[in-house]
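Chemist: below is the sequence, then the predicted model.
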Amino acid sequence: MKETSIKELAKIELKNPIMIEGLPGLGLVGKIATRYLIKQLKARKFAYLYSPHFPYFVLVNKKGSVRLLRGTFYFWKNEKGENDLILFTGDSQAQTIEGQYEISNVILDFAQRNNVKLIVTIGGYRVEAKDKPKVIAAATNSILLDRAIKAEALTSPMGSPIVGTAGLILGLAPFRKMDALCLLGETRGYLPDPKAAKSVLEVLLKFLNINVDLSGLNDEIAKAENMVARLQKIEEKRALQAEEIRKEEDKKITYIS
């Protein structure tokens, strides 16, 4: 495999499709949000994306079989609305700058072939959220941004970089005459963050005018918060031990006057 390619599993006809992209990144916000939508909507997979720019290992399943890292495209037909959905997530992002550009362009190629006019990318925004994580939005035009703000997102601070596929798709989409919106959930970034993912989904669902029950994320949020609490206790204990060691060392110091 010398370049990024897509293997289609089925040909489908979609109605004014919108694409949702959520790859692993800060706090796994994009992947958690997209995977949850896929599960709740019972979306069906219809294509795989493979790339030599993914990390160089394979995944082993319970039966001992292996597969390459990949991205997966799913589709959902919206019987009650104007827009069907294509949802894309995967095992990893590209590991190089060149790979990020190549994969982003291949995703956009695939979106164009399926008549997508709007792509929504999802990711994390590194900040210590005090209460409920806020959702930061950036878009290729003011109309999209206004819609996101009405859905309770906040505008991105000037000069803030959006790294990875979520950002590159936003930058490359206008060259294809496509619209793009990026939604970023506030997250610490170093642990999976379903709470940030839930905040993003609340904004996204209002933006799309789709109803999905998000209560299924509550158990994952509780587990994540318990993990953070345990890590904080470990860190506090380590800090106390370090302070005690420092005091003991201070006692050993003798001063000659």
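Modeler: Yes, it's here.

Chemist: low-confidence ranges in the stretch 151-257 of the chain?
Modeler: For the stretch 151-257 of the chain, applying pLDDT under 70 flags the ranges 228, 232, 243, 248, 250-257.

Chemist: select the longest helix from this structure.
Modeler: helix 218-252 (DSSP state H).

Chemist: tell me how far that helix lies from the chain's centre.
Modeler: Helix 218-252 sits 29 Å away from the centroid of its parent chain (Cα atoms, centre = their mean, to the nearest Å).

Chemist: what comes up buried for that helix?
Modeler: Buried residues in helix 218-252, counted by 16 or more other Cβ atoms under 10 Å: 220, 224. Where you see a C-beta, it was placed from the backbone N, CA and C, and this is true even at glycine.

Chemist: please apply the same query to stretch 14-31.
Modeler: Neighbour counts over stretch 14-31 (16+ other Cβ under 10 Å) mark 14, 17-31 as buried.

Chemist: so which of the residues you listed sit within helices?
Modeler: Members of the buried residues of stretch 14-31 lying in helices (criterion: DSSP H): 29-31.

Chemist: return the member of the buried residues of stretch 14-31 nearest to G159.
Modeler: Nearest to G159, judged by Cβ to Cβ, of those is L26 at 17.9 Å.

Chemist: contacting residues for that closest one?
Modeler: Applying Cβ atoms under 8 Å, 6 or more residues apart in numbering to L26 gives the contacts 123-126, 187, 189.

Chemist: skipping its backbone neighbours, what lies nearest it in space?
Modeler: Nearest residue to L26, sequence neighbours excluded (Cβ to Cβ, 6 or more residues apart in numbering): G124, at 2.9 Å.

Chemist: same thing with A47?
Modeler: Sequence neighbours aside, F73 is the residue nearest to A47 in space, at 4.1 Å (criterion: Cβ to Cβ, 6+ apart).

Chemist: ok, and what's touching the helix or strand harbouring that neighbour?
Modeler: Secondary structure from DSSP states H and E places F73 in strand 71-76. Residues outside strand 71-76 that contact it (Cβ under 8 Å, 6+ apart): 6, 12, 14, 17, 23, 38, 41-49, 51, 84-91, 103, 107, 110.

Chemist: sounds good, over and out.
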